[in-house]
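> here you go, sequence then predicted model.
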Amino acid sequence: MEAMFPIGKDKVMGENPKKPGAPHNVRLYSIASTRYGDSFDGKTASLCVRRAVYYDPETGKEDSSKNGVCSNYLCNSKPGDKIQLTGPSGKVMLLPEDDPNATHIMIATGTGVAPFRAYLRRMFMESVPKRFGGLAWLFLGVANADNLLYDDEFSNYIREYPNQFRYDKALSREHKNTKGGKMYVQDKIEEYSDEVFKLLDGGAHIYFCGLKGMMPGIQETLKRVAEQRGEDWDEKLKQLKKNKQWHVEVY
Ligand code: A2P
């Protein structure tokens, strides 16, 4: 569920400074909607774009030279602007379409929630022939409650599908983990590790999307939990990959 955006060829924003006359390099974004789009008419695609602002540590002033090219282009675009795009690319994040009752454990940090927002719309909002009958469990890590994305949609699913949707948030700058450190998604996984391991043993698919930096911490946590359970994590991971239960898209 990715799209590529070779951004427009207009002289102001779209020209690659390193290759005069050529457009910018391709950027990959996860799409936060399904093929039906947010209006269910198949005419829109949603992205979850984060625009970062940098401040010079010495002067304290905004340093626009570090602005992200594509994020700013997208965030500054107006209704009606033309954007060149291609995709989708990549198959790691596809849903297991053969089993509408599969369990999906989704681990996201920040804008990594994008594909999961799309999955959950497909599962709970769209009228599709193979209605989702399984369990979807989202672990979402953000800095604080103000940074929660699509929280209203997710909270609705909890109300409407309490037996099929679980939603656990790790608010790193508001909550502490059991060791007094920041509460990260891996700490939430650890809290529910018994259930997570049981679900994986039962064939659940586990998806990761977001910061590349989250994977080492998550792997360490899963390894530690496996050892406590007397299991060999490396072997288990090999099996999960072999069974196509393990899906990772980090950046
Ligand atoms: P924090 O920034 O408080 O350290 P971002 O907004 O940068 O995409 O980050 C999303 C969330 O992921 C934030 O809560 C951030 O915490 C958290 N995060 C940062 N580094 C890691 C990591 N190594 N493992 C797990 N979560 C992380």
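Looks like it arrived, so ask away. Numbers count the residues shown, from 1 in each chain.
> every contact and neighbour count from this point should use C-alpha atoms.
Noted.
> what separation is there between residue 214 and residue 24?
Residue 214 is 28 Å from residue 24, where distance means Cα to Cα, to the nearest Å.
> and if you look at residue 193?
Taken as Cα to Cα, the span from residue 193 to residue 24 is 43 Å.
> any idea whether the nearest residue to residue 42 once chain neighbours are set aside is helix, strand or coil?
Excluding the flanking residues, the one nearest residue 42 by Cα to Cα, 6 or more residues apart in numbering is residue 36, at 4.0 Å. What DSSP: H, G, I helix; E, B strand; the rest coil gives for residue 36 is coil.
> begin at 426 from now on, thanks
In the new numbering, first residue 426, that becomes residue 461.
> so residue 461 touches residue 468, yeah?
Yes - look at residue 461 against residue 468 with Cα atoms under 8 Å: they come within range, at 7.2 Å.
> the two: which has the busier surroundings?
Neighbour count, other Cα atoms under 10 Å: between residue 461 and residue 468, residue 461 has more, with 16 against 10.
> so in the protein, which helix runs the longest?
helix 639-653 (DSSP state H).
> which residues does that one contact?
Contact with helix 639-653 is made by 534, 610, 611, 612, 615, 618, 657, 658, 659, as judged by Cα atoms under 8 Å, 6 or more residues apart in numbering.
> the residue in the stretch 576-676 of the chain that the ligand sits nearest to: how many residues sit nearby?
For the stretch 576-676 of the chain, the residue closest to the ligand is residue 639, as judged by Cα to the nearest ligand atom, at 3.4 Å. By other Cα under 10 Å, 20 other residues sit near residue 639.
> tell me the buried residues in stretch 540-557?
Neighbour-count burial for stretch 540-557 flags 540, 541, 542, 543, 544, 545, 546, 547, 548, 549, 557 (criterion: 16 or more other Cα atoms under 10 Å).
> sorry, back to before: the more surrounded of residue 618 and residue 449?
Between residue 618 and residue 449, counted using other Cα under 10 Å, the more crowded position is residue 449 (21 against 17).
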